[in-house]
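Colleague: What follows is a predicted structure for the sequence shown.
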Amino acid sequence: MSDDVRDSLIPYDEIVQDALRAVVGRVLSQIEGSDRLPGEHHFYITFKTQAPGVSIPAHLIAKFPDEMTIVLQNRFWDLTVADDHFSVGLSFNQTPSTLVIPYAAITAFVDPSVDFGLQFQVSDDGDAPEPHDEADNDRPDAIAGNGADDDGSNVVTVDFGKKR
């Protein structure tokens, strides 16, 4: 097999990214209409706050100008799942907020209770995201010590390594 990477006229990487983002929508649709996840499941969802279609309060954009991680576990409401986005109610410093997040804005989806995760590419600019604080969306502090190993064994990362 050759080390040369050929340019494809079929955007395989985009097709795979879209298919994996559909997994997020399907998982969320399993809990739509509920305000609690089954068993020990909980989700970390990281997304680009400035991506097209993202609708979050201005104070959150000011605090997280590039990327933000939310936690769906015990305190969320009005989860609504659509073909291209989801919306959910969360509390930030005891202030209720509704967030609308397109799947195309998501950079990571993790369920640490079963050691499952997906990572997505959002742009090809090669810049690493700026460091950010974790969102204060009133989640329990019991997430640490969930028993999951951090070896990333069930994290799926898709990168077709385009040569430029």
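Modeller: Received the coordinates, thanks. Residues are numbered from 1 along each chain as shown.
Colleague: CA only for contacts and neighbour counts going forward, please
Modeller: Fine.
Colleague: can you map out the strands along this protein?
Modeller: 43-48, 67-72, 77-81, 85-92, 95-102, 106-111, 116-119, 155-157 (DSSP state E).
Colleague: What residues sit buried inside the third one?
Modeller: Across strand 77-81, burial judged by 16 or more other CA atoms under 10 Å covers 77, 79-81.
Colleague: and if you look at stretch 112-119?
Modeller: By neighbour count on 16+ other CA under 10 Å, the buried set for stretch 112-119 is 112, 115-119.
Colleague: quick one: which of those is nearest to residue 67?
Modeller: residue 119 (13.5 Å; CA to CA).
Colleague: tell me which residues form a beta bridge with the closest one?
Modeller: Assessed by DSSP bridges, residue 119 has beta-bridge partners residue 108, residue 157.
Colleague: mind listing what the residue most central in space within the chain touches?
Modeller: Centroid-nearest residue in the chain: residue 45, 3.1 Å away (criterion: CA atoms, centre = their mean). Residue 45 makes contacts with 69-72, 106-110, as judged by CA atoms under 8 Å, 6 or more residues apart in numbering.
Colleague: just residue 78 next, same as before
Modeller: Residue 78 sits next to 33-35, 87-89 when contact means CA under 8 Å, 6+ apart.
Colleague: Just the buried subset of these, please.
Modeller: Here, 16+ other CA under 10 Å leaves 35, 87-89 buried among the contacts of residue 78.
Colleague: Same list (these) but as JSON lines, adding distance to residue 61.
Modeller: JSON lines is the format used below for the buried ones among the contacts of residue 78 (distance: CA to CA, whole Å):
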{"residue": "35", "distance to residue 61": "25"}
{"residue": "87", "distance to residue 61": "16"}
{"residue": "88", "distance to residue 61": "16"}
{"residue": "89", "distance to residue 61": "16"}
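Colleague: Considering these, which is situated nearest to residue 17?
Modeller: For those, the nearest to residue 17 is residue 87 (20.4 Å; CA to CA).
Colleague: What separation do you get for the closest one and residue 11?
Modeller: Separation of residue 87 from residue 11 (CA to CA, to the nearest Å) stands at 28 Å.
Colleague: Likewise for residue 121?
Modeller: Counting by CA to CA, the gap from residue 121 to residue 11 is 14 Å.
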